[in-house]
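[1] What follows is a protein structure lacking sequence information:
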DNA sequence: TCGCGCATGTAAGTTGTTACATGATTTA
DNA sequence: TAAATCATGTAACAACTTACATGCGCGA
């Protein structure tokens, strides 16, 4: 239900094509909302039919035309209305933690390999977020309220990666302890 | 695809009914995997057909019989095999952060109400996790490896709630600043 | 020349949510 | 006596994933 609102919120920031949205969801909004291009194109068509979006065709040479989407008045109203409703927490589904629940079926070295891989991944993601922060939000006091809110969204991503990394260290310590005690 | 493995991992710990699994996913494993009872019953039937689980009928008076599920050898093999595959990160989809991206359409007081509500929610969840930790994992050195891994899963939940709460304070500060500057 | 970025989609299948359905027992 | 817990499911729908499909331009 809320891919719709993620799209509305993204287009509220500025008009964009399906391709732009796909890129944004994968990069700048990676810690906010995840969606594949297939999902996005489908949703854009549907929302346009429902009158929430307006499309502008931007012809290009030797490439498919860009379809630039922007919010209609109905779209803005729908988004504003949704913003007043209180949201539940998103469900948690973490395969890595599932692994821990069955982890005694494999050797600790195998778990170590996995946590190491994930840690690298989180590290990279954190670096990416920090780059975005440095580039767009380096002077938070001087920035309009709208961007401060976006900055806060990014801050959640940063904190969450930091938390993951600290946890990874805890896991590594336990695994090392176990590996030593077995040898 | 991995509800299947969440179920296998949960049943690997101990045999259980659909009802038990539903309760566990909602409480003790809340930070690991989320699933409704409808999904769980459907999956249990399917997995039994596929030969991954065995069912034992436990008759009861004046209540539907309990169906106690346990892993078959094929189920254990399937789980063990999955554990060696490296897992991707779960996708992020957070309506609260979407709200921040459209947040300039509503007044900051409304956002404040929402973040306050969420903060309470996180606070309760954190308390719950800490209770579980105190009850089951208070002497980590003396506990078998299997339980230490479960404890680590819980630790991730604890850290993540702590991180959310710290972030909430950051949000509240920004919103307060904005509310003052507007009045 | 091979892969990546740009730019759009369709189709099939899996997973997850919401609504409906039943009924006894325990607790406040 | 009303609500929560125990205990199981079915059906319809919505959301998400994976595979397939096309084709140009640019840089290594």
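    Done, it's in. On a predicted model such as this, the values are computed, not experimentally measured, just so you know.

[2] from here on, contacts and neighbour counts on C-alpha atoms
    OK.

[3] Show me where chain A has its helices.
    Per DSSP state H, chain A carries helices over the ranges A:3-13, A:18-26, A:37-49, A:73-84, A:95-102, A:108-136, A:145-182.

[4] dump the residue contacts of residue A:38.
    Listed by Cα atoms under 8 Å, 6 or more residues apart in numbering or on different chains, the contact set of residue A:38 is empty.

[5] Quick check, pLDDT for it.
    Note for residue A:38: predicted pLDDT of 98.

[6] Packed most tightly, which of the helices of chain A would that be?
    Counting by mean count of other Cα atoms under 10 Å in any protein chain shown, helix A:95-102 has the highest mean neighbour count of the helices of chain A, with a mean of 24.

[7] how about that helix against chain B, any contact?
    Yes: Helix A:95-102 is in contact with chain B by Cα under 8 Å from any Cα of the partner chain, via A:95-102.

[8] What is the neighbour count of the closest residue to DNA strand D within chain A?
    Here chain A gets closest to DNA strand D at one residue, residue A:1, 2.5 Å apart by Cα to the nearest atom of the strand. Each residue near residue A:1 was counted by other Cα atoms under 10 Å in any protein chain shown, and the total is 5.

[9] How about residue A:53?
    23.

[10] so where is chain A shaky, pLDDT-wise?
    A:140 (pLDDT under 70).

[11] Kindly report the domain assignment for it.
    A:3-84, A:95-182 (automatic domain parsing).

[12] In contact with the residue nearest the centre of chain A, which residues?
    Nearest to the geometric centre of chain A sits residue A:30, at 2.4 Å (Cα atoms, centre = their mean). Residues in contact with residue A:30 (Cα under 8 Å, 6+ apart) are A:24, B:92.

[13] now it: how far from residue A:129?
    Residue A:30 is 9 Å from residue A:129, where distance means Cα to Cα, to the nearest Å.

[14] what's the answer for residue A:138, then?
    In this view, residue A:138 and residue A:129 are 12 Å apart by Cα to Cα.

[15] Can you tell me how far residue A:124 is from residue A:158?
    Per Cα to Cα, residue A:124 is found 11 Å from residue A:158.

[16] DNA strand C contacts on chain A?
    Residues of chain A lying close to DNA strand C (Cα under 7 Å from any atom of the strand) are A:17-20, A:37-38, A:41-42, A:63-68, A:91.

[17] how about 6 Å then?
    Selection of chain A residues close to DNA strand C by Cα under 6 Å from any atom of the strand yields A:17-19, A:37-38, A:41-42, A:64-67, A:91.

[18] filter these down to the ones near DNA strand D?
    Answer for the residues of chain A next to DNA strand C near DNA strand D (Cα under 6 Å from any atom of the strand): residue A:38.

[19] just to revisit the earlier point, what about the residue nearest to the centre of chain A, distance to DNA strand C?
    Separation of residue A:30 from DNA strand C (Cα to the nearest atom of the strand, to the nearest Å): 16 Å.

[20] which phi and psi does that residue have?
    With angles defined as degrees, to the nearest 10, residue A:30 sits at phi -60, psi -30.

[21] any idea how far it is from residue B:3?
    Taking Cα to Cα, one finds residue A:30 at 23 Å from residue B:3.

[22] do residue A:162 as well
    27 Å.

[23] what sits against residue A:104?
    Contact partners of residue A:104, counting by Cα under 8 Å, 6+ apart, are B:145-146.

[24] picking up where we left off before, could I get the domains of chain A as CSV with distance to residue B:166?
    Below are the domains of chain A laid out as CSV (distance: least, Cα to Cα, whole Å):
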stretch, distance to residue B:166
domain A:3-84, 17
domain A:95-182, 9
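
[25] And those: which comes nearest residue B:172?
    Across these, residue B:172 has its closest neighbour in domain A:95-182 (10.3 Å, Cα to Cα).

[26] and that closest one with DNA strand D, contact?
    No: contact of domain A:95-182 with DNA strand D (Cα under 6 Å from any atom of the strand) is absent, the minimum separation being 12.8 Å.

[27] Now do stretch A:76-91: everything it contacts.
    With Cα under 8 Å, 6+ apart as the test, stretch A:76-91 has contacts from A:5, A:8-9, A:12, A:52, B:33-34, B:93-96, B:99, B:102-103, B:105-106, B:110, B:114, B:118.

[28] swap the cut-off to 6 Å and go again
    The contact list for stretch A:76-91 (Cα atoms under 6 Å, 6 or more residues apart in numbering or on different chains) reads B:34, B:94, B:105.

[29] Just name the closest of those to residue A:57, please.
    Taking Cα to Cα as the measure, residue A:57 sits nearest to residue B:105 out of these, at 27.2 Å.

[30] quick one, what contacts the closest one?
    By Cα under 6 Å, 6+ apart, the contact set of residue B:105 is residue A:80.
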